[in-house]
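Q: mind folding the following:
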Amino acid sequence: MIDPVKFWSKLAPKYAKTPIKNQAAYQAKLDITQSFFTPQTRLLEVGCGTGTTALYHAPHVAAVLATDISPAMLDIARDKQSATGIDNVRFEELNLDVDPIAETDFDVAMAHSILHLVHDLPGALGKLHDALNTGGILVTSTVCIGDWNPLFRPLIGIMKLIGKAPHVSLLTEKSLTAEITNAGFEIIPQDRVAGGDAVFIVARKI
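A: Model prediction:
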C-alpha cells in the first residue's frame with residue numbers, strides 16, 4: 001500500500017509548478033465560495049496542497065486554518081505565505097483519515113480534490129460537519145471517477161499497483177451527494193461550473 005504522506009511529499013515540487021488546468025472554472029469556484037464570506041468568517045481547508053486557494057481567500061476572511069497530509073506541500077505553502085505577507089493563515093499537518101480536526105466554530109470549510117482520496121468518506125465528512133457551526137458551509141470539488149468511462153477503471157488499479165497513484169475511491173456524483181446529505185448537510189442548488197473536471201458542491205450544515 002502506498003504511503004500517502006510520502007506519495008504527496010514526493011510530488012510536491014512538481015505539483016507546485018503545475019498550472020491550473022482551467023482557470024475560468026477555478027475562478028468561478030473561488031467566486032462562489034467568497035459569496036459565503038463575511039469579514040468575520042473563520043475558514044477551514046482540508047487538503048490545501050501548496051496553499052494557493054487558502055492564500056487567495058485570506059484577505060476576505062478573519063482567519064484561515066489550512067491543512068494537508070504532506071509536510072512538503074505545507075513547506076511550499078508557508079514559503080508562498082512569507083512572500084505575500086499574509087498573516088491570518090495557519091498551515092498545519094492533518095491526515096483526514098486519521099487525525100481529528102481539533103478546532104471547531106468554523107463558518108466555511110473547503111475540501112477540494114480530497115474526498116475521493118480518503119479511505120473513510122463518512123468519517124471525513126463527519127469531522128467536517130463537527131468542525132462547522134450550525135448553518136456553516138461546506139464547499140467541495142471532487143473527482144467522481146465512478147462516472148467516467150468504465151474502461152478507465154483498470155488503469156487506476158494498475159497505477160496504484162506500480163506506485164503511480166494513491167488510494168482513489170470510485171465515487172459517482174450520486175454517491176457523493178448521498179454521503180454528504182447522510183453526514184448532516186443539505187445541498188445548496190446551483191448551476192454547474194462550466195468546464196470543471198470535478199463535481200463542485202456547496203452544502204449547508206443542518
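Q: show me how far the worst-scoring helix or strand of the chain on mean pLDDT is from its chain's centre.
A: Sorting the helices and strands of the chain by mean pLDDT, DSSP states H and E puts helix 153-161 at the bottom, at a mean of 73. Distance of helix 153-161 from its chain centroid, counting by CA atoms, centre = their mean, to the nearest Å, is 23 Å.
Q: could I get the contacting residues of residue 88?
A: 58, 61-64 (CB atoms under 8 Å, 6 or more residues apart in numbering). Backbone N, C-alpha and C define where each C-beta goes, glycine included.
Q: and residue 113, how far from residue 71?
A: 18 Å (CB to CB, to the nearest Å).
Q: actually residue 3, not the one I typed
A: 13 Å.
Q: next one: residue 142
A: On the measure of CB to CB, residue 142 and residue 71 end up 24 Å apart.
Q: which of these two has more neighbours?
A: More crowded of residue 142 and residue 71, by other CB atoms under 10 Å: residue 142, with 23 against 13.
Q: mind giving me the packing neighbours of the lengthiest strand in the chain?
A: The residue-count maximum for a strand in the chain (DSSP state E) belongs to strand 132-142. Applying 3 or more CB pairs under 8 Å, 6 or more residues apart in numbering; DSSP states H and E, one finds that strand 132-142 contacts helix 23-34, strand 106-112, helix 173-182, strand 199-205.
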